[in-house]
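Engineer: For reference, the sequence and a predicted model appear below.
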Amino acid sequence: MLIDSVIDYDPPEQKHTLVKQNVLDCGISAGNFKTTLTQVVGLASRKQSSYVCFANVHMLYEANHDNTFKSVLNKADIVCPDGKPVSVLMRALSKTEQERVCGMDFMPASLAEAEKLGLKVFFYGSTVEVLQSIESKIKADLPSLAIAGMYSPPFRPLSVEEDKKVIDMINSSGAHLVYVSLGCPKQERWMNEHKGKVSACMLGVGQAFNTFSGLEKRLPKPVRNLGLEWLYRLCIEPKRLFKRYFTSNTWFLWKCVKTAKFH
């Protein structure tokens, strides 16, 4: 089993509203995992051109230092509190419970729902090797899930003609859900640029491609609940992540202390 249980699906006509909460000048969707999953599946089943972001501390840092990216984030249909620190801050600001809605958990859960409902999925980004591992994992664990397509783009900007071919490829595949793994902020910018062009719900899940395929291990759930997953990733990729985590985490702690003074 990929997840502990599969939730009951509410039809698209039963609308669930995820109200965005202001968190460090970014709109983060407040709501639990089940409600978020229901909302996303509803968007997908209607093939509504939309996109979902999974916000952690690094993403909030990027948004607060780049107004263009902040606009991209705030225009997302749903912005999930991916990082434990983000969900904890939301809880402190609103004085209400806020569940962490992590992309690495959301991807397998939404794939399981897609299989149950007959929705088609498309994977955009990462490498051919990772995509092949995802395909093998799905065939083993979700044999009835329809993979509409997979595409690993070149590590350079696509030409207008190439991008149009990608859009046509995704739309002609009949995909309902498009999982995007290009890294932050590239994947969020890509989804924003393709809203209104790609007739599906796009999800920027990044590293979830690697964890879902089994190419990268995750910490046990009790340890993840302590908010230490970032430390585990730092140990795996210290050279790439040290500067990012030091800068963004220090900024986040300072903003939390500053915000607390006014509450």
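Structural biologist: Cool, got the structure.
Engineer: Can you pull the phi and psi angles for residue 38?
Structural biologist: The phi and psi values for residue 38, taken as degrees, to the nearest 10, are phi -60, psi -40.
Engineer: Where do the strands of the chain begin and end?
Structural biologist: Here the chain has its strands, by DSSP state E, at 20-23, 26-29, 50-55, 78-81, 120-125, 146-151, 177-181, 201-204.
Engineer: Quick one: closest of those strands to residue 66.
Structural biologist: Distance to residue 66, taken as Cβ to Cβ, is lowest for strand 26-29 among those, at 11.7 Å. Yep, even glycine has a C-beta here, placed from its N, CA and C like the rest.
Engineer: Who does that closest one pair with, and is each partner parallel or antiparallel?
Structural biologist: Applying DSSP bridges, strand 26-29 is found paired with strand 20-23 (antiparallel).
Engineer: Check which helices and strands the longest helix seen in the chain is in contact with.
Structural biologist: In the chain, assigned by DSSP state H, the helix with the most residues is helix 238-260. When contacts are defined as 3 or more Cβ pairs under 8 Å, 6 or more residues apart in numbering; DSSP states H and E, helix 238-260 packs onto helix 57-64, helix 84-94, helix 229-236.
Engineer: Low-confidence stretches in this protein?
Structural biologist: Under the criterion pLDDT under 70, the flagged ranges of the chain are 1-16, 219-220, 222-235, 239, 241-242, 245, 260-263.
Engineer: Can you pull up the most central residue in it?
Structural biologist: In the chain, the residue lying closest to the centroid (Cα atoms, centre = their mean) is residue 205, at 3.5 Å.
Engineer: need the contact list for it.
Structural biologist: Residue 205 makes contact with 54, 103, 104, 106, 107, 179, 180, 181 under the criterion Cβ atoms under 8 Å, 6 or more residues apart in numbering.
Engineer: State the phi and psi torsions of residue 96.
Structural biologist: phi -130, psi 160.
Engineer: Residue 95 now?
Structural biologist: Torsion angles at residue 95 (phi, psi; degrees, to the nearest 10) stand at phi 60, psi 30.
Engineer: quick one: it from residue 172, how far?
Structural biologist: The spacing between residue 95 and residue 172, counted by Cβ to Cβ, to the nearest Å, is 48 Å.
Engineer: What is the neighbour count of residue 214?
Structural biologist: Around residue 214 there are 12 other residues, counting by other Cβ atoms under 10 Å.
Engineer: my read: it touches residue 130, true?
Structural biologist: No. Look at residue 214 against residue 130 with Cβ atoms under 8 Å: they stay out of range, at 10.4 Å.
Engineer: Give the bridge partners for residue 125, please.
Structural biologist: In this structure, residue 125 bridges to residue 181 when assessed by DSSP bridges.
Engineer: which residues does it contact?
Structural biologist: Going by Cβ under 8 Å, 6+ apart, the list of residues near residue 125 reads 151, 152, 153, 179, 180, 181, 182, 187, 209.
Engineer: Check residue 217 too.
Structural biologist: Residue 217 neighbours (Cβ under 8 Å, 6+ apart): residue 211.
Engineer: Near residue 75, how many other residues are there?
Structural biologist: Neighbours of residue 75 under the rule other Cβ under 10 Å: 15.
Engineer: same question but for residue 236, I mixed them up
Structural biologist: When neighbours are counted by other Cβ under 10 Å, residue 236 comes out with 11.
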